[in-house]
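Return a 3D structure for these sequence lines:
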Amino acid sequence: MSKESKDLGKRGEDLAVELLIKKNYTIIERNYTFEKKGEIDIVAKDPENGFLVFVEVKTRGNLNYGEPEYGITENKRRQLKKMAEIYLYEKEIQEVECRFDVITVLLQGMQKPLINHYIDALG
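Residues are numbered from 1 along each chain as shown. Sure thing, here's the model as predicted:
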């Protein structure tokens with residue numbers, strides 16, 4: 001992954017964290033990895049129901065490859081679920097309701113970023 005691509009992703013994740021904080025979510029962890037098996041962009045707690053939320057952030061700098069939402073492939077869904085299971089096991093977390101959210105960020109030049117938060121996006 002190029003430095004430009006990493007910088008774009010980091011900016012998108014920073015904007016996603018800002019959005020979640022504005023919504024009163026508690027940010028528990030960012031960029032959780034386990035033995036290079038994958039990554040969870042953000043782990044947060046929903047203030048309304050106490051759910052543990054695993055958040056995938058998809059950022060694009062243009063629409064050349066379609067909307068950022070289209071970056072959530074079936075393989076990515078499986079990997080996110082697997083990483084969530086590893087996270088819960090490693091942190092010895094039991095008996096907590098969990099869900100998967102997706103936050104998409106479209107950064108196009110000097111325009112205001114377009115950010116969407118999809119709650120319970122992976123079902």
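
mind listing what the residue nearest to the spatial centre of the chain touches?
In the chain, the centroid-proximal residue (C-alpha atoms, centre = their mean) is residue 56; its distance is 2.1 Å. Listed by C-beta atoms under 8 Å, 6 or more residues apart in numbering, the contact set of residue 56 reads 40-41, 72, 76, 80, 100-103, 121. In short, each C-beta sits where N, CA and C put it, glycine included.

cool, residue 72 as well?
56, 58, 102, 121-122.

With residue 98 instead?
Residue 98 neighbours (C-beta under 8 Å, 6+ apart): 51-54, 84, 88.

Could you do residue 67 as well?
Residue 67 neighbours (C-beta under 8 Å, 6+ apart): 60, 104, 106.

distance of it from residue 29?
27 Å (C-beta to C-beta, to the nearest Å).

quick one, phi/psi of the closest residue to residue 121 other than its chain neighbours?
Nearest-residue entry for residue 121: residue 102, 4.0 Å, with adjacent residues in sequence omitted and distances by C-beta to C-beta, 6 or more residues apart in numbering. Here is the backbone geometry of residue 102 (degrees, to the nearest 10): phi -130, psi 130.

One more: residue 49?
phi -130, psi 0.

Return the residues in contact with the closest residue to it other than its chain neighbours.
Once flanking residues are discounted, residue 49 sits nearest to residue 97: 7.1 Å by C-beta to C-beta, 6+ apart. Contacts for residue 97 (C-beta under 8 Å, 6+ apart) come out as 49-52.

In ChimeraX, select just the buried ones from these.
Only the buried entries of these go into this ChimeraX selection, using 16 or more other C-beta atoms under 10 Å:
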select :51,52
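
gap between the nearest residue to residue 29 once chain neighbours are set aside and residue 65?
With sequence-adjacent residues excluded and distances taken as C-beta to C-beta, 6+ apart, residue 29 is closest to residue 43, at 4.3 Å. Distance, residue 43 to residue 65, by C-beta to C-beta: 27 Å.

same check, this time on residue 101
22 Å.

which of these two has more neighbours?
residue 101 (22 against 9; other C-beta atoms under 10 Å).

if I've got this straight, the more buried one is in a helix?
No: using DSSP: H, G, I helix; E, B strand; the rest coil, the assignment for residue 101 is strand, not a helix.
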